[in-house]
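S.K.: Quick one: sequence and predicted model below, then my questions.
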Amino acid sequence: MAAKREFDVIIWGATGFTGRLVAEYYLQKYGVDRDLRWAMAGRSQGKLESVRKELGDTSVPLVVANSHDKDSLDAMAKRTKVICTTVGPYALYGDALVESCVENGTDYCDLAGETQWIRRMIDQHHEKAQENGARIVHCCGFDSIPSDIGVFFLQEQAKARKGEYVNHVKMRLRSAKGGFSGGTYASMNNVMAEAEQDPAIKKMLFNPYGLNPQGETSGPDKGDLQSVKYDEDVEAFIMPFIMAAINTRVVRRSHALRGYPYGKDFRYDEAMISGTGLTGRLKGYAGLLALAAMMAGKPDSLYKKIVNKFFPEPGEGPSRAEREAGFWNFTVVGTYADGSNIVARVTGDRDPGYGSTSKMLGESAVCLALEKRRTPKVKGVLTPASAMGKVLLERLENNAGLTFSIVE
């Protein structure tokens, strides 16, 4: 049924900052109505036409719908194989769109990093999506593709080299350049607001296996790093990584959905490298204080309102020059049962929050739309690695400026 649809991909939220970047990427990489049939969608015809004019090609098809009008979302979902959405916070604006995609057997990908909302989507829609043949894939940006596909890559290389998977993987952000995403910050604030109101959400957020299938929400991993310590494997001090709260849960859900190929004793953790020596230790403590300051305060407090002024609003973002000057670089350390290590590097060629994220999301949507025969035969509320695995890895390297390599 999906093969007969008018479009391969519809970009929902194309008038927003990140949605526009995805559209710009598609125009440059795929043109219009060639190998990829795509359209831009939003709630305002006028704004869509304005964005289309700015992009320089008035032949891009436009679709008008509204996040709060289920009929319009259903009509949009029926026209395409995949909905690619940048409209967040998803807990505020995403429910009806996911429901429409599930009901109409339409594949879906987003940039959600909102653990509590993803948990709700799993509980509400996983079984129905399986029945209707829909693939609902969250976390297709900087959170959590480098982590999820990075672990997948390292494990495939580990198995090829020694005939076995590693049973412990560490993901360490070595360096990055780029501004913090306003949309990500707004989503984080909404997560904290929901957790403040509902103790069950707070409990789920602190569970390392909070996104695993029901009945499988426990394992050997404990909470995310909350301090500064020395990591002998990277020979540097490490500090908490703010994205670990979502990334680690996605990696563990991938592992569960794929049938625990690395074993039930598999462990995974993430952190940021702050540096070596006294300077590295001090940078770690400074980062720890900055993170605590950002996360402190009730959502509606005066303190929080003051802190919010230091972050961009959703829809704001860096200039083209700033995006193109950005980058990110992860070191991934895998440890075999005998104690030996295999080390990989995962990198991106643009700022993580916008330039690189928009390409990762765009390629995820193309992978879902055009690579169905080569991707795993799974349906439901999925993750990048469980839904697309090796095929997405190839597309990211070939098209989106990511590299995956073994360094030792």
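M.R.: Arrived safely. Numbering: from 1, shown residues only.

S.K.: What are the phi and psi values at the closest residue to residue 61 other than its chain neighbours?
M.R.: With CB to CB, 6 or more residues apart in numbering as the criterion, residue 61 has its nearest non-adjacent residue at 3.9 Å, and that residue is residue 39. Backbone N, C-alpha and C define where each C-beta goes, glycine included. Residue 39 has phi and psi values of phi -140, psi 160 when expressed as degrees, to the nearest 10.

S.K.: Same question for the one 3 residues further on.
M.R.: Recorded main-chain torsions at residue 42 are phi -170, psi -180, according to degrees, to the nearest 10.

S.K.: That one: neighbour count?
M.R.: When neighbours are defined as other CB atoms under 10 Å, residue 42 has 23 of them.

S.K.: Over to residue 71?
M.R.: When neighbours are counted by other CB under 10 Å, residue 71 registers 10.

S.K.: again, but for residue 142
M.R.: 26.

S.K.: I'd like the distance between it and residue 323.
M.R.: Distance, residue 142 to residue 323, using CB to CB, to the nearest Å: 13 Å.

S.K.: and what of residue 371?
M.R.: Going from residue 371 to residue 323 by CB to CB gives 27 Å.

S.K.: More neighbours: which of those two?
M.R.: Taking other CB under 10 Å, residue 371 and residue 323 do not tie; residue 323 has more neighbours (19 against 14).

S.K.: For that one, report the pLDDT, please.
M.R.: pLDDT, residue 323: 89.

S.K.: right, and it touches residue 352 too?
M.R.: No - Residue 323 is not in contact with residue 352 according to CB atoms under 8 Å; the separation is 10.1 Å.

S.K.: Counting neighbours, what do you get for residue 97?
M.R.: So residue 97, with other CB under 10 Å, has 25 neighbours.

S.K.: Quick check: chain neighbours aside, which residue is closest to it?
M.R.: In space, residue 97 comes closest to residue 73 once its chain neighbours are excluded; the distance is 5.5 Å by CB to CB, 6+ apart.

S.K.: List the contacts of that neighbour.
M.R.: 65-67, 96-97, 100 (CB atoms under 8 Å, 6 or more residues apart in numbering).

S.K.: Type out the ChimeraX command that picks the buried ones from those residues.
M.R.: This is the ChimeraX syntax for the buried subset of the contacts of residue 73, where burial follows 16 or more other CB atoms under 10 Å:
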select :65,67,96,97,100
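
S.K.: Overlap of the contact sets of residue 323 and residue 352?
M.R.: Jointly contacting residue 323 and residue 352 under the rule CB under 8 Å, 6+ apart are residue 178.

S.K.: Which strand residues bridge the closest residue to residue 48 other than its chain neighbours?
M.R.: Closest residue to residue 48 apart from its sequence neighbours, by CB to CB, 6+ apart: residue 62 at 4.6 Å. Listed by DSSP bridges, the beta-bridge partners for residue 62 are residue 40.

S.K.: where's residue 62 relative to residue 272, distance?
M.R.: 41 Å.

S.K.: Neighbour count: these two, which is higher?
M.R.: Set side by side, residue 62 and residue 272 show more neighbours around residue 272, with 24 against 17, by other CB under 10 Å.

S.K.: any idea whether that one is helix, strand or coil?
M.R.: strand (DSSP: H, G, I helix; E, B strand; the rest coil).
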